[in-house]
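Need the 3D shape of this:
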Amino acid sequence: MLYAAFALLAAFQGAGTAQATPIRFDGQPLSADARYAARWVSEHGDNQRMPFVIVDKKAARMLVFEADGHLRAATAVLVGAGPGDVSIPGIAERAPSSLLPRERITPAGRFVSEPGRNLKGEDIVWVDYDAKVAIHRLRPDAAQAQRLKRLATASADDKRVSLGCIVVPVAFYEQIIRPLFGQQYGVVYVLPEVGSVQAMLGALNAS
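Coordinates of the predicted model:
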């Protein structure tokens, strides 16, 4: 179900009332949606004392927060080439190379992330395992130079190019993502681009 929290969250609930996480933006420019989401996480203590990420697909940016709500870092990211908030049916059975551009969607929602490895043994951070969506480094392949250029532009549209994964610069992964999410669970909020962030988070609050 869209925007449903993963069942793994149950392991972090029930032990007591969640405590609010004080969010500190440190002067970082945020879109209205990202700012709303960060404050919502704070008010509800929804990160369950885990580090968390907000992925703003509209702006093609990632904001990484420590467990105490401190904004650790932000970066441009590459996201799915296809517009939309829901992965296509049966994506788990599809080879990535078979996906049409419009099917390469980064799904919106709240996800409990988990460190893992892909089939090539590369360490990654799983966001939505069933949909094969992860946070990973920009890979050294034939497309690397072009993707570096896309990351450097001011246009969010230039960053709609991945198969659905959330791709970050190598240095950002090594210095920020791996230390915070490479050895523990975290929470990833992928903000919608079709629906509203208020509806997405409201549905979580009602569940």
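
looking at the chain, which helix or strand does the model trust least?
Among the helical and strand segments of the chain, the one scoring lowest on mean pLDDT, DSSP states H and E is helix 144-152, with a mean of 87.

Buried residues of stretch 78-91, list them for me.
Within stretch 78-91, the residues that qualify as buried by neighbour count (16 or more other C-beta atoms under 10 Å) are 78-82, 84-85, 87-88, 91. The C-beta positions use only the backbone N, C-alpha and C, and glycine is treated the same way.

Need phi/psi at the nearest residue to L100 once chain neighbours are set aside.
For L100, the nearest residue in space outside its immediate sequence neighbours is G82; the separation is 7.8 Å by C-beta to C-beta, 6 or more residues apart in numbering. Torsion angles at G82 (phi, psi; degrees, to the nearest 10) stand at phi -90, psi 140.

just checking, G82 touches R104?
Yes - taking contact to mean C-beta atoms under 8 Å, the distance of 4.5 Å between G82 and R104 places them in contact.

any residues in contact with both of these two?
Any residue near both G82 and R104 by C-beta atoms under 8 Å, 6 or more residues apart in numbering counts here, and that gives G164.

export the buried residues of stretch 78-91 to CSV and tack on distance to L151 and secondary structure?
Formatted as CSV, the buried residues of stretch 78-91 follow (distance: C-beta to C-beta, whole Å; DSSP: H, G, I helix; E, B strand; the rest coil):
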residue, distance to L151, secondary structure
L78, 7, strand
V79, 11, strand
G80, 15, strand
A81, 15, coil
G82, 19, strand
G84, 22, coil
D85, 23, coil
S87, 24, coil
I88, 26, coil
I91, 25, helix
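
out of those residues, what pair is the most spread apart?
Using C-beta to C-beta, those span at most 19.1 Å, a distance reached by L78 and I88.

Quick check: which element contains the residue nearest to S87 when sequence neighbours are not counted?
Counting by C-beta to C-beta, 6+ apart, the nearest residue to S87 once its immediate chain neighbours are dropped is A131, at 4.1 Å. Using DSSP states H and E, A131 falls within no helix or strand.
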